[in-house]
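> Using only what follows, build the 3D model:
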Amino acid sequence: MERTLIILKPDALQRGLAGEIIKRFERKGLKILGIKMMTLDSALLAAHYAHLTDKPFYKGLEEFMKSSPVIVMALEGYECVNSIRIILGATNPREAEAGTIRGDLAIGTGRNLVHASDSKENGEKEVARFFKAGELFDYDKSEYALIYEGHERS
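I've put the predicted structure just below:
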């Protein structure tokens with residue numbers, strides 16, 4: 001099973017969309033391993049967005065991400081990184097398909113509601129960056145027998 005990090009950004013919380021977004025992940029059958037609300041500081045954001053810190057828009061991104069609490073989630077599922085990226089839609093909400101989270105709920109490029117890991121490897125690194133030991137829970141999700149074939153559950 002893959003793990004991935006989700007951040008419900010300040011615009012998701014301020015607009016009251018957290019429940020709707022979480023519901024879409026749950027309806028897909030993804031398992032929530034950990035979930036918490038937190039504020040982000042400059043050091044954590046610089047580590048998380050290290051590939052963007054030299055971009056001209058980074059300062060604005062950092063200010064936005066610090067403007068309100070966020071909800072961070074660790075999700076698990078078979079090939080979940082790709083599944084989540086499909087559910088979210090294109091990074092630019094104006095290019096996102098109807099039926100996706102961004103296509104239905106967002107419009108501005110800098111306010112696209114959700115961060116999601118872009119690979120299995122980054123998912124593992126990002127989950128470890130945002131969750132400490134003891135903040136993730138391993139439990140049996142009874143519906144797995146109904147949504148996955150045997151080889152997909154191992």
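> List the contacts of L113.
L8, K9, D11, A12, L17, I21, P93, I101, R102, L105, A106 (Cβ atoms under 8 Å, 6 or more residues apart in numbering). Glycine gets a C-beta too; all of them are placed from N, C-alpha and C.
> For the second one, what are phi and psi?
Recorded main-chain torsions at K9 are phi -70, psi 170, according to degrees, to the nearest 10.
> Run through who's touching stretch 120-127.
In contact with stretch 120-127 (Cβ under 8 Å, 6+ apart) are residues E2, R3, T4, L5, L33, G34, H48, A74, C80, V81, S117, L136.
> Give the pairing partners of the helix or strand hosting the second one; include direction for each.
Read it as R3. Here R3 sits within strand 2-8, counting by DSSP states H and E. Strand 2-8 pairs in its sheet with strand 70-77 (antiparallel), strand 114-116 (antiparallel), by DSSP bridges.
> Next SSE downstream of the last one?
Think strand 114-116. As assigned by DSSP H and E, the chain's next helix or strand after strand 114-116 is helix 120-130.
> Fine by me, we can end here.
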